[in-house]
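K.L.:
Test case, fold it:
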Amino acid sequence: MAEELRRTGLYDLHIEQGARMVPFAGWEMPVQYPMGVMGEHLHTRAKAGLFDVSHMGQVLVTPKNGNPETAALALETLIPADVLGLPQGRQRYGVFTNDQGGILDDLMFANRGDHFLLVVNAACADQDIAHLQTLEAVNVTPVTDRGLLALQGPLAAEILATLIPAAAEMRFMDSQIDDWDGTELWLSRSGYTGEDGYEISIPNARLTEFAQALLAHPDVAPIGLGARDSLRLEAGMPLYGHDMDTGVTPAQAALGWSIPKSRRIGGARVGGFPGSDTVLTELTNGAAKTRRGLRPEGRAPIREGVEIFEGETGGAALGKVCSGSFGPSVGGPVAMAILDASLPDGTTLWAELRGKRIPVTLAALPFITPSYKR
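P.N.:
I've put the predicted structure just below:
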C-alpha cells in the first residue's frame, strides 16, 4: 500500500490557484500553476514569486545548561561550520557529514540568542532530527505548528515591507523575529533562487491568510517546484539527492566555502565532525572531481543521468549529469555534473543523448549573477 502523502497548510490555496500537484519527498506539492514553469521562472527573476516550502523541516536546538556556546559547540560536532562564531541574528549554510565524509544533508542554521533555528530538507528531516538527538548537551524540538514561505525576486523587499516594514532593513542572511498583526513571524533574508528574498515561518493558524495577503499584491505570483528547480540550477545551487548525497564530499559538491579556516587544518577548532580526516585532507589537497557547470549546444536540455564523455565517439564516461534543465533566464540549457576538477572552463565535452553525442562546454558557476542584498 502506497504511503499517504502529507499536505502543507496551503493545500487548499494551491488548488484554488490552479496548481498541478505532484508527490515530492512524501508531500503533495505544487509543481506548477497555470502560468507554467517558464512564466513562473521569469516572473520570479523580474518581480516576486511566492513558494510554499512548508515541507521543509524546522528544528529548534536549545542548550540544556542555558549556555548558547554549549549548543554551538554541540552542533559543530555534526556540522563542519563556524557555529560558535555566528553572531546573534545571523544565519549560515552548512552540511551534515557522515563518517566517510559524505553529505547527509545540507541546512541553514540561525543564531537566535539562547537557541538555534535549523531548516533542513523535507526528505531528510526525520533522519536529521534523529541525528541531532544524539547530542546529549541540547534539547532538539521539531517545529510542527508552523508553515514556511519563500518570497523571492527583485521586488521581494518592497512587497514584504508593506506587511512587515522592518523586513526592508535586513541584510542577506539576517534572521529575526517580527510581528504581523499580532502574530510572531520568523524571518530570514535568504532563499534558493539566486534572487534577493526572504523565508518566512508562520503559525499554521494564519499561514493561508498571510500567503493571501502577499498574493494580493499585483507583482506576486505563486511558484511551483518546477520553476524552483530551474531557478536554483541557474544560480549554481546544488540540490540534495541530486548534486550531493552520502557518497559526495563537500569538496566534490563544490561546497568547501561553507567550511571556514577555524574548522580546517591549522584552525582554532579543527575537525571534530564526522569524516573530518577525509573532508579536510581533500580540502587541503583539492578534490580530484568536483561539481562543474555545463552549457549544452542547441536548445535541448540534458537531464539528470545523462553520461558525459571526453570525445565524440568511444571512450569511458567521465561522469553523469546530476542536474539539468532549460535555463529561461540564460536562454538555453544548463546542467551540472561532478567531473575532473583539473579541466579548464571552456573545455568541450560530449553528452550522450538518445544514442547521439552533443557538444557541451564546461562553464563557470553560477550561470546568472545573484542579486543578494549584502
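
K.L.:
Using the record's assignment, carve the chain into domains.
P.N.:
Segmentation of the chain into domains, based on automatic domain parsing, reads 1-238, 256-363.

K.L.:
now the ones you listed as JSON lines including distance to residue 369, mean pLDDT and mean neighbour count?
P.N.:
Backbone N, C-alpha and C define where each C-beta goes, glycine included. Shown next, in JSON lines, are those (distance: least, C-beta to C-beta, whole Å; pLDDT from 0 to 100; neighbours: other C-beta atoms under 10 Å):
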{"stretch": "domain 1-238", "distance to residue 369": "8", "mean pLDDT": "97", "mean neighbour count": "19"}
{"stretch": "domain 256-363", "distance to residue 369": "10", "mean pLDDT": "96", "mean neighbour count": "17"}
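
K.L.:
and of those, who's closest to residue 247?
P.N.:
With C-beta to C-beta as the measure, domain 1-238 is the member of those nearest residue 247 (5.3 Å).

K.L.:
Longest strand in the protein, please.
P.N.:
In terms of residue count, the longest strand belonging to the chain (DSSP state E) is strand 317-327.

K.L.:
Can you list the strands that the next helix or strand after that strand pairs with?
P.N.:
Proceeding N to C from strand 317-327, the next assigned helix or strand is strand 332-340, under DSSP states H and E. Sheet pairing for strand 332-340, assigned by DSSP bridges, gives strand 289-296 (antiparallel), strand 317-327 (antiparallel).

K.L.:
contacting residues around the helix or strand just after the shortest one?
P.N.:
Put plainly, it is strand 289-296. Once strand 289-296 ends, the next helix or strand along the chain (criterion: DSSP H and E) is strand 307-309. With C-beta atoms under 8 Å, 6 or more residues apart in numbering as the test, strand 307-309 has contacts from 294, 315-321, 337, 339, 349-352, 357, 360.

K.L.:
which one is the spatially most central residue of the chain nearest to, not counting chain neighbours?
P.N.:
By C-alpha atoms, centre = their mean, the mean C-alpha position of the chain lies nearest to residue 192, the distance being 5.1 Å. For residue 192, ignoring the flanking residues on the chain, the nearest one in space by C-beta to C-beta, 6 or more residues apart in numbering is residue 232 at 4.9 Å.

K.L.:
Doesn't that neighbour lie inside a helix?
P.N.:
Yes: under DSSP: H, G, I helix; E, B strand; the rest coil, residue 232 sits within a helix.

K.L.:
Quick one: residues contacting it.
P.N.:
By C-beta under 8 Å, 6+ apart, the contact list for residue 232 reads 192, 193, 194, 239.

K.L.:
which one among these gets closest to residue 33?
P.N.:
Among the contacts of residue 232, and counting by C-beta to C-beta, the member closest to residue 33 is residue 193, at 16.2 Å.

K.L.:
surely that closest one meets residue 231?
P.N.:
Yes: contact criterion C-beta atoms under 8 Å: residue 193 and residue 231 qualify, at 4.0 Å.

K.L.:
how near is residue 43 to residue 154?
P.N.:
Residue 43 is 11 Å from residue 154, where distance means C-beta to C-beta, to the nearest Å.

K.L.:
and what of residue 142?
P.N.:
For residue 142, the distance to residue 154 equals 34 Å [C-beta to C-beta].
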